[in-house]
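Colleague: Have a look; sequence and predicted model below, questions after that.
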Amino acid sequence: MSSSRHHRIALTRLSIALAAALAAVPLAAQEAPQDADKKDDKATTQLERIEVTGSNIKRTDVETASPLQIITKANIESMGATTLLQVLDNLPAATTPVQRDSASLFTGSDGASTANLRALGPQATLVLLNGRRLSYYGAPIGFQTQFVNIDAIPAAAIERVEVLTDGASAVYGTDAVAGVINVITKSEYRGLEASVNTNSSSHIGSYGERQASITGGIGSLSEDRYNVYASINLYRRDPIPQYDTYDKLTPQYYVNNPNYITNFRLDTGSKPGAFNPGYFFAFNPTTGAKVQEAAPGCNNVIVQGAGPRCVWQSNLNNQVDGGPRSDRATTYVHGTYQISDSLQAFGELAYTAIDLTANTGTVRAFTSTSGTPTAWGSRNTGSTINTFFVPYLGPNNEYNHASDALKSLMGGVVGLSYPLQDLGSEYFRQHNTDKTYRANVGLRGNFGDWSWESALTTAGAASVTYQNVNFNLNGFAKAFGPFTVDPGTGRVIISDHPAYKFGVISAENTALLRDVFPVFDIRSWTRLTTLDGKIEGPVATLPAGEMRAAFGYSVSRETFFTPGNTNAANGLITQQGGSFFDGKRTTEAVYGETVAPITDKLEVEGALRVDKYPNFDANVAPKLGIKFQALPELLLRGTYSEGFRAPNLAESGTGGVFAQLGGYRDEVRCGETNAIASLLLNSKLPGDVDLGRQLKNADCSRTVARVIQPNSNLRPEKAKISTLGFVFEPTKKFSVSADYWFIYRHNEIAAPDFTRTTDFSLTRFPINDTDRANLAALAAMCANPASGVTCPATLPSYSVGNVASVVGQYHNRGRTLVDGIDIDARGRLPLDRWGELTLGVAATYMHRLDTAALYNPSSPGLVANVAGYYNNPHWRATFNADWSYGDFTTSFFVNYIGRTKWAYDPTDTDNSAAACTSGYVAVAPGQCNGAPSWWTANLGLNWKPFEKAEVGLMFKNLFNRHTFYDPNWGDYYGGGPDYASYYGRIYSLTVKYKFL
């Protein structure tokens, strides 16, 4: 089927490629055929109709009213990307992902990466494979945000990636608010080819990424009436242990953490595996001061304010901060059979297995709890918070070898800190596996001028997280019980003759500790089964041309099940509550689309979709698009649509989150503890200063027990989306486009805001021994003239204990408005006998990112524009220059991310230029005004020595730029943000060979 178009941008293959790449990453355009330039701009061109992302109507080119970005396989190779995540990292419309697998440990969804268009989160970006949905990842981020793991996409089979950067709920339904990422594989392949790729770093020796893939296919649809091909891809990223990074972080990190390297005790502590007897401590009952002493036989003594202690080295084999090992294996099979001239059968199978493993260090210590106890929520204990105190040694304990003076302080009872090294150097680890699959079978055909397609698709994911870093209470009791309680102080006391033998490293102890730290699993399953069908064709002939329409339906069954670990559900695993979800639902949808040429210059597109989910009314999502050929060289376009996101089964199903919340900021305790620390840091006595450093910000970021309950009364999130832009192509060798985009999302589903005490309930622990010891140390310093500190008449003190738990529920109460401009320009310059040069630049400017949370239904809440604030830069851009000459192609690629303020929003005065702080600590000199802009450049050279072989060499981060300090990222990425890695220059080598 073909049609004619007059008086519009010339439909040469080059112009199609240029217009298709509007606002896309600036990459090499596909080389035009030799006779392309010979065609008349106004010539009538007959082209086969194709279907593009964002519409079910086939058309003669990819120029629709909606901005569409196309990244081809050649583009992906030019930018040096080897995974879909790396492709999106180089797409200006895609903001920093909410999660990337290399920094996903302990998030609840370990081993997965997300897509994030327009800074609206992964729940607002729909990810498709060949136009159909994939199942959500098995475990949601933070136990709430369900998303598609883009690492599970079969990378070796990718033919191109189409990115629709406006709303598409009228076509695809839920989640398509910020846009759609459609990964498209080859429709047919014959032959056999293989490729290998390896990446290494100039700065981090342990860094390495390697991939190998093989693709083979047989049969020709035109000759044999069938085609079947398969692609297998293997990927490995090596782990990065702390011994390769601890002295390579950003310089400012060591300024803010002066004890970071010395805390490893590399010169003073006993090495891992070497016996260390630990140390004892007690508290003066009169002053509350802590007193400590090294256990007999200690050869590694240091003296602190509380007295001497025995120390051990931290294990530098920890891979949590540097990066875990990741192994991925992906298989993709695609088959097509031509039953008749008008009927075709098709099917595909995609399967990905991911294995993520990180060593979390070897030394776990038995340290009697003198401060805030460990607290966590669990499924079967409901809102009752579990607490755990590591016990003390009683006066008659066979391992209580403390001095008589220390014993006398608490009636013979003493605390013990002792390294439990019996399990060896490789036992403690975080391990995650994920199995993701999708299979479909279908039929497509045509009758007359109409075409149709129907398919049955099933997809799912099974995720398992294995952990062994926390105590099992039953195993702990077996090793150290039975326990008693000191009637005078309430302190828990271990058995006088425990099964675990302190003072030796033995096989018997190892067996006991395997029960103390057992490996337990947390399993999650998702499944999505869909039957869909659609029909498309002409409905009328208008004076300006053919009016076409498409109609379709879908019926889906979705399930999500996270049973949780039995011991964790019963509160028997310290700090490990996990989650429990059990949800299932059936949804139905019908939709229709039409494209009508009103005149030979004006085309109107319309779409309407109705989705019915349980528990709320049917959702109607409309879309309208207009395309106007103002001049032969100038195309104007615009769209308006309404989008929605249905509450997912983690937010509205049965169950809830029973776990911990890291980074909880308690302003009361934070202020009181820092007031104490500030005075101690002014002392001239080393012991006081050491304690002051320990206390500074210690209560500003705590881990507390958390319970979040689903809400079956949630309503869908709604959005209004619009775009307005133009495409200008004055010649066949140059194209420029600009599109304004606007998204307003409301009824946002949000977890409790744990920065507002009105949004949740909380409980607190009482003031503890450590608190009283800190106050005693402060009083002693102020009473000691040698400290040189003039203290106020009333010393800082504690009014409350630390927060124990927070409990809340999901609600519809937020809204976001984001708008900006996408700009794209590219050109092709023939260089005669010197080949051809392709240039391109693409940029996204985020004008506004207004956020508001409705904490009180009667109040509009606070509205803040956070564009230009932390992690939300105004500008993102890319530039490319690709030179093709004979058998060589040289690619130069630059990725730019603009500067931001350190503050999170206009009301944030703690992370500001005036304070020169971020994350409540000092930033690097000269960076008080905000996080600096960041750019990297890649240089690649591809050589085709003969027809079947290709060799590619690429220097990523060519100029060996090192990241800047960002306190919010801690040790990750060298203390810098995740988009500015500290790997330095990376050398990448790729070899391809076609056997058939």
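Modeller: Yes, it's here. Numbering: from 1, shown residues only.

Colleague: can you give me the strands in the stretch 301-450 of the chain?
Modeller: 301-304, 307-310, 325-340, 343-359, 364-367, 374-378, 382-388, 415-420, 429-447, 450-467 (DSSP state E, counting those that start in this stretch).

Colleague: among these, which is the most enclosed?
Modeller: By mean neighbour count, with neighbours taken as mean count of other CB atoms under 10 Å, strand 374-378 ranks first of those at a mean of 25. Heads up, the C-betas are built off the backbone N, CA and C, glycines and all.

Colleague: Parallel or antiparallel, which strands does that strand pair with?
Modeller: Next to strand 374-378 in the sheet, as set by DSSP bridges, lie strand 382-388 (antiparallel).

Colleague: Quick check: pLDDT value at the residue sitting furthest away from the middle of the chain.
Modeller: Relative to the C-alpha centroid of the chain, counting by CA atoms, centre = their mean, residue 404 is the outermost residue, at 54.0 Å. You'll see residue 404 listed with a pLDDT of 96.

Colleague: before we move on, what about residue 477?
Modeller: At residue 477, the predicted lDDT confidence score is 96.

Colleague: repeat for residue 912
Modeller: Residue 912 is assigned a predicted lDDT (pLDDT) of 83.

Colleague: check contacts around residue 245.
Modeller: 204, 321, 322, 971, 974, 982 (CB atoms under 8 Å, 6 or more residues apart in numbering).

Colleague: Reformat those residues as a markdown table; add distance to residue 408.
Modeller: Below are the contacts of residue 245 laid out as a markdown table (distance: CB to CB, whole Å):
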| residue | distance to residue 408 |
| --- | --- |
| 204 | 52 |
| 321 | 43 |
| 322 | 46 |
| 971 | 42 |
| 974 | 49 |
| 982 | 52 |
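
Colleague: just the helices in the protein please.
Modeller: According to DSSP state H, the chain carries its helices in the segments 13-20, 73-79, 84-89, 169-172, 251-256, 404-407, 473-480, 507-516, 566-569, 649-652, 667-681, 686-695, 769-783.

Colleague: tell me the most buried of those?
Modeller: Between the helices of the chain, helix 169-172 has the highest mean count of neighbours, a mean of 28, where neighbours are mean count of other CB under 10 Å.

Colleague: From the contact counts, what lies against that helix?
Modeller: Applying 3 or more CB pairs under 8 Å, 6 or more residues apart in numbering; DSSP states H and E, one finds that helix 169-172 makes contact with strand 579-597, strand 602-612, strand 619-631, strand 634-645.

Colleague: Send over that helix as CSV, restricted to the C-alpha atoms.
Modeller: Output of helix 169-172 as CSV, limited to C-alpha atoms (Å, rounded to 0.1, in the frame of the first residue of the first chain):
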residue,chain,number,x,y,z
SER,A,169,-1.8,6.6,27.2
ALA,A,170,-4.4,7.0,24.5
VAL,A,171,-2.5,4.3,22.5
TYR,A,172,-0.7,2.2,25.2
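
Colleague: what distance separates the start and the end of stretch 759-770?
Modeller: Terminal residues of stretch 759-770 are spaced 30 Å apart (CA to CA, to the nearest Å).

Colleague: residues making contact with it?
Modeller: Contact with stretch 759-770 is made by 283, 288, 290, 370-373, 375, 385, 752-754, 798, 800-808, 855, as judged by CB under 8 Å, 6+ apart.
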